[in-house]
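Visitor: next come a sequence and a model predicted from it.
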Amino acid sequence: MRIVFMGTPDFSVPALRALVEAGHQVTGVVTQPDKPRGRGREMQMTPVKIQAMEYNIPVYQPVKVREDGFVQILKEMAPDVMVVIAFGQILPQKVLDIPKFGCINIHASLLPKYRGAAPIQWCVIDGQKETGVTTMMMDAGLDTGDMLEKAVIPIGDKETGGSLHDKLSMAGGDLILSTLKKLEEGTLVPVPQTEEGTCYAKMLTKSLGDIDWGRSAVSIERLIRGLNPWPSAYTKWRGKTVKIWDADVLADEKLGEAAKEASAGQVVCSDRHSLIVKTGEGLLSIRELQIEGKNGWI
């Protein structure tokens with residue numbers, strides 16, 4: 001099939017690889033403009049652009065995909081289908097109408113649950129037992145199009161936002177090949193989304209990682225895993241930011257009366273391997289942390 005691929009971060013790369021290596025004709029790749037990053041503020045290409053250049057695929061980086069000039073470019077490419085995954089811009093109807101078979105999005109959740117910007121991390125934070133990827137036919141709404149296929153991924157007890165990101169990224173590459181095969185065969189059965197059970201996975205911010213020790217140890221531990229590696233869960237100690245990367249939940253009775261009488265956020269015990277902190281409900285054994293100004297993890 002003639003495909004225009006739209007994606008930007010490393011999450012999108014396995015899907016692009018899968019399409020090319022399966023023999024599809026990717027006639028163009030659309031990604032976000034290069035941006036300055038790091039302390040040196042040097043311009044950096046997006047991961048999708050880097051991969052596309054290795055395949056010698058033409059790359060387009062419109063500031064706004066809805067501009068008439070770029071819409072005309074898309075029309076001239078005459079794609080059978082557009083595949084969109086973590087692109088970073090909302091597609092207007094005039095773009096959605098261009099491909100012969102429409103625009104297919106690879107979304108990192110089991111729709112209709114977790115529509116929005118950060119479904120991977122919120123599944124971990126909310127304590128879900130499973131998630132997955134969904135291919136859907138795009139419409140003008142935000143992740144509201146008809147569902148095409150799903151792949152289910154279990155969420156492990158020590159799953160982080162980072163580890164789940166990698167699993168779903170690979171699953172998306174496999175799923176889009178299955179969806180396109182059925183699209184060509186005419187065997188896809190689109191399923192409309194309902195509003196029942198939906199929730200919005202809002203964008204992550206650094207302030208979200210500021211730990212409220214009055215919450216339960218269970219919810220704090222999930223926050224730590226969900227925000228690992230970015231933006232990370234953290235607390236303050238002697239005026240410095242302390243990022244927490246790994247922790248386990250303990251019950252109050254593990255340390256007897258001393259722990260029960262401590263206030264939330266207080267360290268009640270420590271050894272070479274952990275710091276045990278009282279929370280609003282239960283104890284949190286901190287296994288791995290990083291103090292501001294220190295390169296290594298403790």
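Guide: Structure's in. What do you need? Numbering: from 1, shown residues only.
Visitor: please, where are all the helices along the protein?
Guide: With helices called from DSSP state H, the chain shows them at 13-21, 47-54, 68-77, 93-96, 119-125, 161-185, 217-226, 256-261.
Visitor: ok, which of these comes nearest residue 4?
Guide: The closest of the helices of the chain to residue 4 is helix 68-77. By C-beta to C-beta, the value is 5.7 Å. Where C-beta positions appear, they are placed from N, C-alpha and C, glycine not excepted.
Visitor: chain center to that closest one, what's the gap?
Guide: Its chain's C-alpha centre and that of helix 68-77 lie 29 Å apart, by C-alpha atoms, centre = their mean, to the nearest Å.
Visitor: so what's the residue nearest to the spatial centre of the chain up against?
Guide: The centroid of the chain falls nearest to residue 120 when counting by C-alpha atoms, centre = their mean (4.4 Å). By C-beta atoms under 8 Å, 6 or more residues apart in numbering, residue 120 lies in contact with 108, 109, 131, 161, 164, 165, 168.
Visitor: so how many other residues sit close to the third one?
Guide: In this case it means residue 131. By other C-beta atoms under 10 Å, 27 other residues sit near residue 131.
Visitor: just give the nearest non-adjacent residue to it, would you?
Guide: Leaving aside its sequence neighbours, residue 131 sits nearest to residue 123 (C-beta to C-beta, 6 or more residues apart in numbering; 4.4 Å).
Visitor: ok, that neighbour touching residue 165?
Guide: No: applying C-beta atoms under 8 Å as the test, residue 123 and residue 165 come out as separate, 10.8 Å apart.
Visitor: tell me who's in contact with residue 291.
Guide: 237, 240, 241, 242, 298.
Visitor: which among these end up buried?
Guide: Buried members of the contacts of residue 291, counted by 16 or more other C-beta atoms under 10 Å: residue 242.
Visitor: need the contacts of residue 291 in TSV with distance to residue 9 and pLDDT, can you?
Guide: Below are the contacts of residue 291 laid out as TSV (distance: C-beta to C-beta, whole Å; pLDDT from 0 to 100):
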residue	distance to residue 9	pLDDT
237	32	90
240	30	94
241	25	96
242	28	96
298	30	56
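Visitor: which pair in the contacts of residue 291 spans the largest distance?
Guide: Within the contacts of residue 291, two members stand farthest from each other by C-beta to C-beta: 241 and 298, at 13.8 Å.
Visitor: before we move on, the earlier item: include mean pLDDT and distance to residue 6 when you put the helices of the chain into a markdown table, please.
Guide: Formatted as a markdown table, the helices of the chain follow (pLDDT from 0 to 100; distance: least, C-beta to C-beta, whole Å):
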| stretch | mean pLDDT | distance to residue 6 |
| --- | --- | --- |
| helix 13-21 | 98 | 10 |
| helix 47-54 | 98 | 9 |
| helix 68-77 | 97 | 10 |
| helix 93-96 | 97 | 9 |
| helix 119-125 | 98 | 18 |
| helix 161-185 | 98 | 12 |
| helix 217-226 | 98 | 27 |
| helix 256-261 | 72 | 52 |
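Visitor: closest one to residue 276 among these?
Guide: helix 256-261 (7.7 Å).
Visitor: endpoints of stretch 203-220, how far apart?
Guide: Distance between the two ends of stretch 203-220: 19 Å, counting by C-alpha to C-alpha, to the nearest Å.
Visitor: return the set of buried residues in it.
Guide: Neighbour count says stretch 203-220 has 204, 208, 209, 211, 213, 217, 219, 220 buried, by 16+ other C-beta under 10 Å.
Visitor: how's the protein carved up into domains?
Guide: 2-201, 206-291 (automatic domain parsing).
Visitor: and these, which one is worst for confidence?
Guide: Ranked by mean pLDDT, those bottom out at domain 206-291, with a mean of 91.
Visitor: and residue 89, how many residues sit next to it?
Guide: By other C-beta under 10 Å, the residues close to residue 89 number 16.
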